[in-house]
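[1] Sequence and predicted model, in that order:
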Amino acid sequence: MSAQATPAPLQAKAFADAVTAWQKREGRQHLPWQYTGDAYKVWLSEIMLQQTQVSTVLNYYARFLDAFPTVADLAAAPSEAVMTLWAGLGYYSRARNLHACAKAVVAQFGGQFPRDVEALASLPGIGRSTAGAVASLAHGVQAPILDGNVKRVFCRYYGIEGDPMSTPVVKRLWEIAQHNVPAVEPGRYNQALMDLGATRCTPRNARCGQCPLMSTCVALRQGRVEQLPSPKLKKPRPELHFVAIWLVDARGCVWLQQQTERGLWKDLWMPPCIPVPVNSDSGSWYELVRALVQSTGLQVNADALRTALNSAAAQPWLVHELTHRKMHFKTVLLRHDGVLDLCKAADALPLPKVVHKLTEAAVAQQNTLDVGQGLALK
DNA sequence: AAGGCGGGGTA
DNA sequence: TACCCAGCCTT
């Protein structure tokens, strides 16, 4: 072998030893769910961390654990309490599955999370990767994980081309993950891979000089670190426009509806929102808004409605961006001199972030409005 | 196999 | 602005 021979990727045991030793020196050691041996804490953190960064999760995790110290507490809680604590974290099916999973753990496993990966993966909201994380991190079971961080580390270290979300690449990555996970300290090893992806093998500006795998990394040797994983093909996001009806009563309560259709923000509470063409004028909104408000039994003053619509139209669009669409809102502010039914405290309802934005827009539109008192339900 | 699903951190 | 994050479920 010549002096210039390029070193091959490490064998499984050497690979695991290298990253595990690195984790003990330089990995993350003080996250609140780490090294507790508590499957409930590991599971709760893993669900929250799906598609969500650590810094965002920390506060939600602490509040959840305070409200529901055990899986039995969570299982016994009302759905609305779970959703309200989750509100703002996004991907709300995670919260519904979280609650269903807690109930299943109590009903099927006596309140103890199973050690077996297959059993874990059969539970709501737990897929193959999360099952591997809970089994290895909480129970020391030899099980692999494959999240976004691990995919990036493997794609670079082994020089794997292709969309990392595509079926053939995912299949190969799982084979590597399965092959490399060690029998000894599998949890520490999995933690090492996640820490590497989060702190060294980052999407951009990777810190290869501080990586324990730098001497055998294919992407680094070939100068392709910034090119791998291969970029996903991006699709254009639909842009949707809505008129939000902000109907406030004499007490400052606001009319909200629970989203019952499957889809975006299901189970959460929002003011009624009417889809409108982007360049529509306020005159074309009139009949839609009038019919919607009258459907509640309230009478609508035509002049007041015209004024409110014109005021709304004069506002800039409020933009709310999601991964898969871009939404624009204008807020029509309407007053009701009486009292709307079923008033509840705002902090007892799950509201998506966009409702907080709409609240600010309504306050800005008429700064005498007090929206902090409660919410009217219809 | 493809699409839907939130919100925020980061460069 | 664009990318992407401790993915899973439904169709």
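    Cool, the structure landed. Residues are numbered from 1 along each chain as shown, chains lettered A, B, ... in the order given.

[2] so residue A:244 sits in a strand?
    Yes. Judged by DSSP: H, G, I helix; E, B strand; the rest coil, residue A:244 forms part of a strand.

[3] measure it to residue A:162 for me?
    Shown here: residue A:244 relative to residue A:162, a distance of 43 Å by C-beta to C-beta, to the nearest Å. For every residue, glycine as well, the C-beta is placed using N, CA and C.

[4] Please say which of those two ends up with more neighbours.
    Applying other C-beta atoms under 10 Å to residue A:244 and residue A:162 shows that residue A:244 carries more neighbours, namely 22 against 14.

[5] how about the strands in the stretch 201-350 of chain A?
    In the stretch 201-350 of chain A, the strands defined using DSSP state E, counting those that start in this stretch lie at A:239-248, A:254-258, A:269-270, A:273-275, A:318-321, A:326-335, A:343-344.

[6] Mind telling me which residue of chain A is nearest DNA strand B?
    Closest approach between chain A and DNA strand B, counting by C-beta to the nearest atom of the strand: residue A:90, at 2.7 Å.

[7] tell me the SS of that residue?
    Using three-state DSSP, the secondary structure recorded for residue A:90 is coil.

[8] right, so of the strands of the stretch 201-350 of chain A, which gets closest to residue A:132?
    strand A:318-321 (32.1 Å; C-beta to C-beta).

[9] did I read that right, residue A:193 in a helix?
    Yes. Assigned with three-state DSSP, residue A:193 falls within a helix.

[10] How many residues are close by it?
    Applying other C-beta under 10 Å, we find 29 residues neighbouring residue A:193.

[11] for it, what are its contacts?
    Residue A:193 makes contact with A:19, A:145, A:149, A:150, A:153, according to C-beta atoms under 8 Å, 6 or more residues apart in numbering.

[12] next one: residue A:338
    A:249, A:250.

[13] Kindly list the main-chain dihedrals of it?
    Backbone dihedrals for residue A:338, given as degrees, to the nearest 10, come out at phi -90, psi -150.

[14] Show me what stretch A:146-153 is in contact with.
    For stretch A:146-153, contacts defined as C-beta under 8 Å, 6+ apart pick out A:128-129, A:132-133, A:164, A:170, A:173-174, A:177, A:193-194, A:196-198, A:201, A:203, A:213, A:228-229.

[15] DNA strand C contacts on the stretch 251-378 of chain A?
    For the stretch 251-378 of chain A, the residues in contact with DNA strand C (C-beta under 7 Å from any atom of the strand) are A:262, A:323.

[16] Get me the contact residues on the stretch 251-378 of chain A for DNA strand B.
    Selection of the stretch 251-378 of chain A residues close to DNA strand B by C-beta under 7 Å from any atom of the strand yields A:263, A:264, A:265, A:266, A:320, A:322, A:323, A:324, A:325, A:352, A:353, A:354.

[17] partner residues bridging the fifth one?
    Per DSSP bridges, residues listed as beta-bridge partners of residue A:320: residue A:327.

[18] List the contacts of it.
    A:326, A:327, A:328, A:329, A:353, A:354, A:357.

[19] mind running it again at 7 Å?
    Residue A:320 sits next to A:327, A:329, A:354, A:357 when contact means C-beta atoms under 7 Å, 6 or more residues apart in numbering.

[20] Need the buried ones from the residues you listed selected in PyMOL.
    Buried residues within the contacts of residue A:320, by 16 or more other C-beta atoms under 10 Å, are selected in PyMOL with:
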select buried, chain A and resi 327+329+354+357
